[in-house]
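[1] What would the 3D arrangement of this be:
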Amino acid sequence: MPSLNVQAQIEINATPDQIHKVLTDFHTWPAWSPWLYIEPEANVTYRGTAGQLEHGYDWLGDKTGAGGMSLTRSDPHRIECDLQFLKPFKSQADVAFDLSVLTPKSTRVTWLMDSSLPFFLFWMKASMSGMIRADYSRGLTLLKDYVELDAIPSGTTPAAVVQVEALHHVGLQATSTMDEISLAMGKSFETLMAASTNGQFSMTGAPFCFYNKVDFKNQRFTYTAAIPCDNQSSVEPPLIAAERPACTALKVVHTGAYRHLGNAWSKLMAEAKAQKLKVQKSQPPFEHYLNDPADVNEADLITEIFLPLKS
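    Numbers count the residues shown, from 1 in each chain. Model prediction:
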């Protein structure tokens, strides 16, 4: 069967011992697991004593499927777990966390998984590896905040189908790696705001962003940063003046730090799949930024996220 070998890492401002206690207590996982974020109402039960071998948890959900994880090794700098998936199909994975000291108060956490795909899914190996790596990165970012802040500045409303009006805008397209998306997008919006300030067009609403292409295999985004304007705007390349057509869309609202937006997107996509909604592939998904990071705390940032649907 096609093998899957995935890893992601992050630096956390805490000692290995502090992080070790969190990772080996599965009661903490609902707070930072990237999958339980998608479906917090999933049924989760626990086995054994936290921190001890054979401690584990089992989950059952409509969006996250079913399975269980058990602690099989617990050394100061190495944790290993046995992961069993029951739904949507049966499979097994060896999961590990390596904790490497960087400074007396910081640790590099590496999350690893060795598994395999059913033979009939061999063609999905590259994309599946990329999606799991993205999930691991989301989870490690949640873990970092959980350990460092004792809280996670991220919350997402239940999904709802809405009607979205057409909108004229000026946009700027760019490509970025997933790790650098925030920095790249910030520069794109700086360019757009400068063009507006210089009189090339008049801003008429909150900025937003299209995601034209998401390449999980190579961990890259192609996006269009955009600012609403009147329909008479005329700009020069690389800026473009266009209209976003009206659409029916599945919508969630994320409140919190932009670094956690991937969780809201995952929740949106999982809901679309659970409801068997048909995605309108001719229109890219997009997000609206309703307030400014310069004006509010990151925990109070509000982002509307839309997935266009077939009528």
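[2] The residue nearest to the spatial centre of the chain: what secondary structure?
    With distances taken as Cα atoms, centre = their mean, residue 262 lies nearest the centre of the chain, 1.9 Å away. Classification of residue 262 using DSSP: H, G, I helix; E, B strand; the rest coil returns helix.
[3] Longest strand in the chain, by number of residues?
    Secondary structure of the chain read by DSSP state E shows that its longest strand is strand 91-103.
[4] Any chance you could list what contacts that strand?
    Applying Cβ atoms under 8 Å, 6 or more residues apart in numbering, the external contacts of strand 91-103 come out as 4, 11, 15-16, 19-20, 23, 69, 73, 76-85, 107-118. All C-beta spots, glycine's among them, are computed from the backbone N, C-alpha and C.
[5] For the lowest-mean-pLDDT helix or strand in the chain, which helices and strands make contact with it?
    Lowest on mean pLDDT, DSSP states H and E among the helices and strands of the chain sits helix 125-149, with a mean of 88. Helix 125-149 is packed against strand 3-12, helix 16-23, helix 29-32, helix 34-38, strand 106-116, helix 261-274, with contacts defined by 3 or more Cβ pairs under 8 Å, 6 or more residues apart in numbering; DSSP states H and E.
[6] That one: which residues count as buried?
    With burial defined by 16 or more other Cβ atoms under 10 Å, the residues of helix 125-149 counted as buried are 125, 128-147.
[7] quick one on the thing from earlier: which of the helices and strands packed on helix 125-149 has the highest mean neighbour count?
    helix 34-38 (a mean of 22; mean count of other Cβ atoms under 10 Å).
[8] Give the next helix or strand downstream of that helix.
    As assigned by DSSP states H and E, the chain's next helix or strand after helix 34-38 is strand 43-47.
[9] And the next helix or strand past that following strand?
    That would be, after strand 43-47 and using DSSP H and E, strand 56-61.
[10] Give me the nearest residue to residue 176, chain neighbours excluded.
    Of all residues not flanking residue 176 in the chain, residue 184 sits nearest, at 3.7 Å (Cβ to Cβ, 6 or more residues apart in numbering).
[11] State the helix or strand in which the one you found lies.
    Using DSSP H and E, residue 184 sits in helix 181-197.
[12] what's the answer for residue 282, then?
    Here residue 282, judged by DSSP H and E, is contained in no helix and no strand.
[13] If I look at it, what pLDDT would I see?
    pLDDT for residue 282: 93.
[14] Give the residue spans of the chain that score low on pLDDT.
    Where the chain drops to pLDDT under 70, the residues are 1-2, 117-128.
[15] Would you mind splitting it into its domains for me?
    Structural domains assigned to the chain are 3-152, 160-309, following automatic domain parsing.
[16] measure the last one end to end?
    Between the opening and closing residues of domain 160-309 there is a gap of 12 Å (Cα to Cα, to the nearest Å).
[17] again, but for stretch 211-231
    22 Å.
[18] For it, which residues meet the burial criterion?
    211, 214, 216, 219-221, 223-229.
[19] Stretch 232-244 too?
    In stretch 232-244, counting by 16+ other Cβ under 10 Å, buried: 233, 235, 239, 241, 244.
[20] which ones among those residues are found in strands?
    Using DSSP E, the buried residues of stretch 232-244 in strands are 241, 244.
[21] sorry, back to before: hmm, residue 134 and the residue nearest to the centre of the chain touching each other?
    Yes - with contact defined as Cβ atoms under 8 Å, residue 262 and residue 134 form a contacting pair (6.8 Å).
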